[in-house]
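[1] got a predicted model here, sequence first, then my questions.
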Amino acid sequence: MKFEGRGSSGVSGVEKVDVFVQNNSTLNISGHDANQCWTANSYSIDKTSKVVFSQTNAQSKITGNSTFYVKGLLTKENSGAKASIAMNEGAHIIVDGGTISSASYAVGGVIDVVNGGKFIASDTTRVTDLGGDFTGVNYYGTRTEVNVKNSTFDIAGTVNVGLRANATTNKDAILTLDGATAKVGKDLNIGWNTASYSDDNPNSGKGFVYVKGNTKLEVAGNINVSYQATAGTRNTSTGVLNIDSNASVKATNINIGSQGSMYITLNGNEEQINTSINNAGTLSVAANASLSAGDYSIALNGLTNSADATVKAYGGTINGNIFTAFGFQNITLDSAESVSVVDNGRVAVDGGTVTMAFNTDSALVNGVSDVTSSLSQAVGSDFAKMSAYEFDVVIDSGDTVVLSFYVGDSTLTTDNFSIFHKADGGQWGKANDISNVSYDGEYLSFVVSSFSSYGYAAVPEPSTYAVILGALALGFVVYRRRR
């Protein structure tokens, strides 16, 4: 079967259609325009089928508001030039146990690779916050995501996350590797600049890479966080690299630029960060909630901080490449016990039901109370797991804390959790004041800068989130009426 695409010059009167490629079938998409636009509303590709893009020149664009659902094989072929797949705003590819393969990608929508799927490229992959980005083409900004869960991410060339962000849009580019086998054949650049912007029109985009679950990320070259190209004129972009406690990274070097940041939840394995770190930005290291007191190497091959670098420790201190994790001070749940915290100390409630790892010179913990029933009344109780706590904790402005709740269910992942916050005298709502959320199979952890009440609900099915949000909205309306 041959499906002809629409060229970039446009063809009037072409209606969008749905294309289904069933088992044991092959769909060949061919064209001769350098910028073919495949305009079907959706493509559904079964497990034993494949779609082959074949064209004289190499750039194929998947336009906005179209979806590819891939269970088989989606490949990009050509006759001579390097084949590529580009996605613009609104486009979505779902690779469910199948394979998507091309020489290169410019991603401007969303790609979800799940259930053993494979995302493969033999050249450069750009997770860009412009939409599919080509020379001479300036697409509108769009939040861009590539999510690889329990699947393979294998790029032979360079991976750029956050490329040429439009200064007026400030959209995020996000690569999430969760339980993934991930390899990058050259460099991984996170939040990077190009020579195309002058000082009065800077790169203001943000690039994020989250290495979660038991992901093993291997980068043959360097990981550059907030990277400025050699010919770049100004770099005001932000690059962020987060490494969860069960994940590991291997690279030649990790270079953190002045506008970049890296956050590590340390698990005590010296090969967790199997490289050296050169920090000219912000490096944060947090003790895993299960980490015993003691001294641990941060990076296997050493850590170097520039004179202007910032280093933050949660639950311990950093001296050179050594993180010294402190032991816990213990208090009892629902009691009037108070403990004073100094120099980034750690506090455990009931031996570890809740833990706190501080980044502060001093703090005062006056008590922690169980308020799960309050959260249940607000959002319901039909969840796999649920807990909530009220905190009487005094910290200075600007100080932060890693708050960890013991869940103890290895079948759940970070995506299964919804986290809630209730300010003093307020109502429960989705927490929007937290960062660095992670779940390691035992503890759900996140960073907070203020206290009062926090809780979580574990939701195995994504559809249940709508129920939670509906309950919260109803509760807010009732609360306003009462006032």
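    Cool, got the structure.
[2] roughly how far apart are the residue nearest to residue 271 when sequence neighbours are not counted and residue 273?
    Leaving aside its sequence neighbours, residue 271 sits nearest to residue 300 (CB to CB, 6 or more residues apart in numbering; 5.8 Å). All C-beta spots, glycine's among them, are computed from the backbone N, C-alpha and C. With distances taken as CB to CB, to the nearest Å, residue 300 is found 6 Å from residue 273.
[3] who's more crowded, these two?
    Each of residue 300 and residue 273 has its neighbours counted (other CB atoms under 10 Å); residue 273 has more, 26 against 16.
[4] that one - nearest residue in space that isn't next to it in sequence?
    Residue 273's closest residue in space is residue 299 (CB to CB, 6+ apart), at 4.4 Å.
[5] neighbours of the one you found, how many?
    24.
[6] where does it land in three-state SS?
    coil (DSSP: H, G, I helix; E, B strand; the rest coil).
[7] pLDDT weak spots in the stretch 51-200 of the chain?
    Along the stretch 51-200 of the chain, the parts satisfying pLDDT under 70 run over 53-66, 78-82, 88-89, 128-142, 163-171, 192-200.
[8] now do the helices in it.
    Applying DSSP state H, counting those that start in this stretch to the stretch 51-200 of the chain gives no helices.
[9] quick one: residues contacting the residue nearest to residue 271.
    Going by CB atoms under 8 Å, 6 or more residues apart in numbering, residue 300 touches 270, 271, 273, 274, 275, 276.
[10] and it, what's its pLDDT?
    Listed pLDDT for residue 300 reads 98.
[11] any idea how far it is from residue 117?
    Taken as CB to CB, the span from residue 300 to residue 117 is 31 Å.
[12] equivalent analysis for residue 45, please.
    Residue 45 is 12 Å from residue 117, by CB to CB.
[13] got it, and residue 326?
    The gap separating residue 326 from residue 117 is 42 Å, by CB to CB.
[14] ok, residue 147 next?
    11 Å.
[15] between those two, which one's more packed in?
    With neighbours defined as other CB under 10 Å, residue 147 and residue 117 compare such that residue 117 has more, 23 against 20.
[16] count of neighbours near residue 413?
    Residue 413 has 18 neighbouring residues, counting by other CB under 10 Å.
[17] and for residue 434?
    Counted by other CB under 10 Å, the residues lying close to residue 434 total 16.
[18] beta partners of the residue lying closest to it once chain neighbours are set aside?
    Nearest residue to residue 434, sequence neighbours excluded (CB to CB, 6+ apart): residue 446, at 4.4 Å. Counting by DSSP bridges, residue 446 forms beta bridges with residue 403.
[19] shouldn't residue 446 be in contact with residue 402?
    Yes. The pair residue 446 / residue 402 is scored as a contact, 7.4 Å apart, by CB atoms under 8 Å.
[20] shared neighbours, these two?
    In contact with both residue 446 and residue 402: residue 436, using CB under 8 Å, 6+ apart.
[21] more neighbours: these two, which one.
    residue 402 (25 against 22).
[22] for the more buried one, give its distance to residue 356.
    Going from residue 402 to residue 356 by CB to CB gives 7 Å.
[23] what do you get for residue 124?
    For residue 124, the distance to residue 356 - CB to CB - is 43 Å.
[24] the two: who's more crowded?
    Using other CB under 10 Å, the more surrounded residue of residue 124 and residue 356 is residue 356, with 28 against 21.
[25] give me the pLDDT for the more buried one.
    Per-residue confidence (pLDDT) for residue 356: 98.
[26] how about it, what does it touch?
    341, 346, 347, 348, 365, 393, 401, 402, 403, 404.
[27] okay, whichever strand or helix holds it in PDB with CA atoms only?
    If you go by DSSP states H and E, residue 356 is part of strand 354-359. What follows is strand 354-359, C-alpha atoms only, in PDB (Å, rounded to 0.1, in the frame of the first residue of the first chain):
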ATOM      1  CA  VAL A 354       8.600   9.900  57.500                       C
ATOM      2  CA  THR A 355      12.100  11.200  57.100                       C
ATOM      3  CA  MET A 356      13.500  14.700  56.600                       C
ATOM      4  CA  ALA A 357      17.000  15.600  55.200                       C
ATOM      5  CA  PHE A 358      17.700  19.300  55.800                       C
ATOM      6  CA  ASN A 359      19.800  21.800  53.800                       C
END
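[28] partners of it in the sheet?
    Counting by DSSP bridges, strand 354-359 is paired with strand 346-349 (antiparallel), strand 400-406 (antiparallel).
[29] can you list the buried residues in the helix or strand harbouring residue 323?
    With elements taken from DSSP H and E, the one containing residue 323 is strand 322-325. Using 16 or more other CB atoms under 10 Å as the test for burial, strand 322-325 gives 323, 324, 325.
[30] and residue 310, how many residues sit next to it?
    Around residue 310 there are 14 residues (other CB under 10 Å).
[31] separation between it and residue 321?
    16 Å.
[32] show me the domain layout of the protein.
    The chain breaks down into these domains under automatic domain parsing: 2-244, 329-482.
[33] follow-up on the earlier one: relative to residue 189, which of the contacts of residue 300 is nearest.
    Checking those against residue 189 with CB to CB, the nearest one is residue 275 at 15.4 Å.
[34] wait, that closest one touches residue 249, no?
    Yes. Counting by CB under 8 Å, residue 249 is a contact partner of residue 275 at 6.7 Å.
[35] shared neighbours of these two, anything?
    Joint contacts of residue 275 and residue 249 (CB under 8 Å, 6+ apart) are residue 223.
[36] which one's more surrounded, those two?
    Using other CB under 10 Å, the more surrounded residue of residue 275 and residue 249 is residue 249, with 26 against 19.
[37] quick one, what contacts that one?
    The neighbourhood of residue 249, defined by CB under 8 Å, 6+ apart, consists of 211, 217, 219, 223, 243, 272, 273, 274, 275.
[38] if you skip the residues just before and after it, what's nearest to it?
    Nearest to residue 249 is residue 217, by CB to CB, 6+ apart, at 4.8 Å.
[39] what of residue 408?
    Counting by CB to CB, 6+ apart, residue 408 lies nearest to residue 442, which is 5.6 Å off, once chain neighbours are set aside.
[40] quick check: next helix or strand after the strand holding residue 356?
    Per DSSP H and E, the first helix or strand lying C-terminal to strand 354-359 is strand 362-370.
[41] pull out the buried positions in the helix or strand that that following strand is followed by.
    Going down the chain from strand 362-370, the next helix or strand is helix 372-379, by DSSP H and E. Under the neighbour-count criterion of 16+ other CB under 10 Å, helix 372-379 has 375, 376, 378, 379 buried.
[42] next: stretch 68-77.
    Those would be 68, 69, 70, 71, 72, 73, 74, 75, 76, 77, for stretch 68-77 by 16+ other CB under 10 Å.
[43] how long is that stretch from one end to the other?
    17 Å (CA to CA, to the nearest Å).
[44] check the offset of it from the chain's centre.
    Centroid separation between stretch 68-77 and its chain, computed with CA atoms, centre = their mean, to the nearest Å, is 24 Å.
[45] same check, this time on stretch 177-193
    The answer for stretch 177-193 is 12 Å, by CA atoms, centre = their mean.
[46] from residue 223, how far off is residue 364?
    39 Å.
[47] same question but for residue 93, I mixed them up
    Residue 93 is 25 Å from residue 223, where distance means CB to CB.
[48] so for these two, which residue has more residues nearby?
    More crowded of residue 93 and residue 223, by other CB under 10 Å: residue 223, with 27 against 24.
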